[in-house]
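A.B. asks: Generate coordinates for the sequence data below:
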Amino acid sequence: MAAIESLSTGTVTLTNASVPSAALGRIGDGSVQKLDITITEGRISAIRPAGSAAVDGPAFDLDKGLILPCFVDIHTHLDKGHIWARKVNPDGTWLGALVAVNEDRESLWAAADVERRMEFSLRCAYAHGTAAIRTHLDSSPPQHEISWTLFEKVRERWAGRIELQAAAIVGPDTLVDPVALDQVARQVKASGGLMGGSVAVYDRSKEAMLAVLDKAGNLGLDVDLHTDETGDPAAHALLHLAEAIVETGFSGKVMAGHCCVLTVQDERTVKATIDKTVEAGIAIVSLPMCNIYLQDRQNSGGTVRTPIRRGVTLLNEFKAAGAEVAIASDNTRDPFYAYGDLDGVEVFREGARILQFDHPQADAWDWVRAIGSAPAAHGGFAYKAVIEVGGPADLLLFRARSWTELNSRPQSDRIVLRQGKAIDRTLPDYRELDDLME
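C.D. replies: Below is the predicted model:
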C-alpha cells in the first residue's frame, strides 16, 4: 500500500477493500463487505460493490485489506498521562494509584507540565488514527482553574485533527459539598465541558448522584461519571445513578465508566442494576486494559497473588439488554495504568480478548461500533466514525484482511488517512519528556 501514501487532492478510488458493515453504520450487522470507495477532495464520494463499476482516475487495490473509520476514544485521562517515570504506583493497586497521582498533581501540575504531557499524548493518538477524544480532567480545586483553561487552548489548537471533549472528575466528597461542586461545575460550564466525578463505596452515594444531576441539570451539562471502580460488593454507585435519573427525570446524556463491581455481586443485584441502567438511558464504557491491570490486585507482605477476576464490567450483558456500550483507552503510563499509547487498535484487540466479544464470530464485527460510531453518537461529536458518502475520508487502511489477522498483530504498518491524505505516523520519542521527570 506504499503508493497510497502519495494520495493528494482530486479523485482516487480504493478498490477491493474489506469493510465491516458496522463501519458503514449498520447496527447489529456483523458481515464484511467487499467494496470500492472513491474519495474526492478529501471526502467519500462513492461506495460501490467491489468491481461493480469502471473506475475513473487513480485507483489503489487494497487486495482485500480492511478499512475502518478512525477511532473515537471516549474515556481517557490526558492530564495524568506519562507521569510514571516520576511517580510510580508503589503496589499496583487502585488506592496506590490514587495516592500517587494526588501527590504528583499537588506538587507538579502547573499548566506548562500538563500541557507538555497532553500534547505528547495527542500526538500519539493522532499517529495511531484517532479522530475524537474525551478526556477526564482532575478538577479538585484549585486544579480546575489550571487544567480547564489549558484544555480550552489545547482543544482549539487540535481542532481539525482531533475533536476534543472534557469531563470533570472529582471525589465523592466534592459532589456532596454544594460550594465546591458549584465552583467546579461553573468552570466546566464556562469551558464547554461535561460534569463528572468518581464514586464507588461511599455511604452517601445516592446523595452524591442526586447532587451532580441537580447541578448538571441546572447548568445544562451532560454527565460522565466513574462508577463502582472496585471489587467491593458494597458499591452501588451505578444503581444509585440510574435511580436518580429516573426519579429526577434528568434529560441530559449520561455515561458511566468502569462499573467493575458487577462482577462480584449477586445475580439479583446485577439484574436490577442492568435493568435500571437501561431504563435510565445510561451509556456504559468499559476500560479493559486499565481494569485488568488494577482490579483484583492484592500485594501484601511482599507476596503477589495471581488475580482471579478480570475486573471489566459485564459489557456483553449491558449490550444484550439494550444499553449503548463503548470501550476506551483510559489511563496512559501513569499510576493507574503503567502502559498504553492511546492506540485504538490495541484497545479493540485487547477488548476482544479480555471481554470475549469475539464469539460468535458472525457478530464480532459489530463491536467496531464500540470504539467508533457508538461513542461518537453518544458524545455528540461532529465526527461520526461512519464510512458514508459525503463523510470525511478519515480512514484506517490495513493489510490485514480478517478478524484474526487484524487482532493478531499491532498493525504497525497501517495507513491513516485524514481528509483523504496519508498522515505522518511517526510517534513522539519518550525522551522529549525527560526534563519533566527529573
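
A.B. asks: quick one, what contacts the closest residue to residue 77 other than its chain neighbours?
C.D. replies: Excluding the flanking residues, the one nearest residue 77 by CB to CB, 6 or more residues apart in numbering is residue 331, at 5.0 Å. (C-beta placed from N, C-alpha, C; glycine too.) If you count contacts by CB atoms under 8 Å, 6 or more residues apart in numbering, residue 331 has them with 76, 77, 80, 81, 290, 337, 340.

A.B. asks: so of the residues you listed, which ones are in helices?
C.D. replies: The members of the contacts of residue 331 that map onto helices under DSSP state H are residue 290.

A.B. asks: Buried by neighbour count, from the contacts of residue 331: which ones?
C.D. replies: Buried members of the contacts of residue 331, scored by 16 or more other CB atoms under 10 Å, are 76, 77, 80, 81, 290, 337, 340.

A.B. asks: How confident is the prediction for the fourth one, by pLDDT?
C.D. replies: According to the predicted model, the pLDDT of residue 81 comes to 98.

A.B. asks: go on, residue 155?
C.D. replies: 98.

A.B. asks: now residue 2
C.D. replies: Model confidence at residue 2 (pLDDT) stands at 48.

A.B. asks: just residue 7 next, same as before
C.D. replies: 61.

A.B. asks: Are we agreed that residue 181 is in a strand?
C.D. replies: No. With DSSP: H, G, I helix; E, B strand; the rest coil as the criterion, residue 181 is helix rather than part of a strand.

A.B. asks: For it, grab the count of nearby residues.
C.D. replies: By other CB atoms under 10 Å, the residues close to residue 181 number 23.

A.B. asks: Relative to residue 105, how far out is it?
C.D. replies: Counting by CB to CB, to the nearest Å, the gap between residue 181 and residue 105 amounts to 19 Å.

A.B. asks: buried ones in the host helix or strand of residue 107?
C.D. replies: Of the helices and strands defined by DSSP states H and E, residue 107 is found in helix 94-108. For helix 94-108, burial by neighbour count (16+ other CB under 10 Å) applies to 94, 96, 97, 99, 100, 101, 104, 105.

A.B. asks: can you redo the buried ones among the contacts of residue 331 as CSV with distance to residue 272?
C.D. replies: Output for those, formatted as CSV (distance: CB to CB, whole Å):
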residue, distance to residue 272
76, 30
77, 30
80, 33
81, 36
290, 26
337, 30
340, 33
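
A.B. asks: For residue 201, see how far away residue 240 is.
C.D. replies: With CB to CB as the criterion, residue 240 and residue 201 are 12 Å apart.

A.B. asks: Neighbour count: the two, which is higher?
C.D. replies: residue 240 (23 against 15).

A.B. asks: Could you double-check that the more buried one lies in contact with residue 204?
C.D. replies: No. Applying CB atoms under 8 Å, one finds residue 240 not in contact with residue 204, separated by 9.8 Å.

A.B. asks: tell me the SS of residue 16?
C.D. replies: strand.

A.B. asks: okay, how far is it across stretch 294-310, tip to tip?
C.D. replies: End-to-end distance of stretch 294-310: 9 Å, with CA to CA, to the nearest Å as the criterion.

A.B. asks: since we're on the residue nearest to residue 410 when sequence neighbours are not counted, how many residues are nearby?
C.D. replies: Distance criterion CB to CB, 6+ apart; nearest residue to residue 410, sequence neighbours excluded, is residue 345 at 6.8 Å. Applying other CB under 10 Å, we find 23 residues neighbouring residue 345.

A.B. asks: Could you check the pLDDT of residue 345?
C.D. replies: 98.

A.B. asks: Which strand or helix spans it?
C.D. replies: helix 344-355.

A.B. asks: Any chance you could list what contacts the helix or strand following that helix?
C.D. replies: Note on helix 344-355: by DSSP H and E, the next helix or strand toward the C-terminus is helix 361-364. Outside helix 361-364, the residues that touch it by CB under 8 Å, 6+ apart are 28, 30, 31, 352, 357, 358, 403.

A.B. asks: Give the buried residues for helix 361-364.
C.D. replies: residue 364.

A.B. asks: what is the mean pLDDT for it?
C.D. replies: 89.

A.B. asks: do the same with stretch 59-68
C.D. replies: On average, stretch 59-68 scores 97.

A.B. asks: now do stretch 114-131
C.D. replies: pLDDT averaged over stretch 114-131 gives 98.

A.B. asks: ok, longest helix in this structure?
C.D. replies: The chain, longest helix under DSSP H: helix 111-128.

A.B. asks: Against which helices or strands is that helix packed?
C.D. replies: Counting contacts by 3 or more CB pairs under 8 Å, 6 or more residues apart in numbering; DSSP states H and E, helix 111-128 packs against strand 71-76, strand 130-138, helix 143-158.

A.B. asks: re the thing from before, using CSV, please lay out the buried residues of helix 94-108 together with pLDDT.
C.D. replies: Output for those, formatted as CSV (pLDDT from 0 to 100):
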residue, pLDDT
94, 93
96, 93
97, 95
99, 96
100, 97
101, 97
104, 96
105, 96
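
A.B. asks: what's the distance between residue 243 and residue 227?
C.D. replies: Where residue 227 is concerned, residue 243 sits at a distance of 12 Å (CB to CB).

A.B. asks: er, residue 270 actually
C.D. replies: Relative to residue 227, and taking CB to CB, residue 270 is found at 14 Å.
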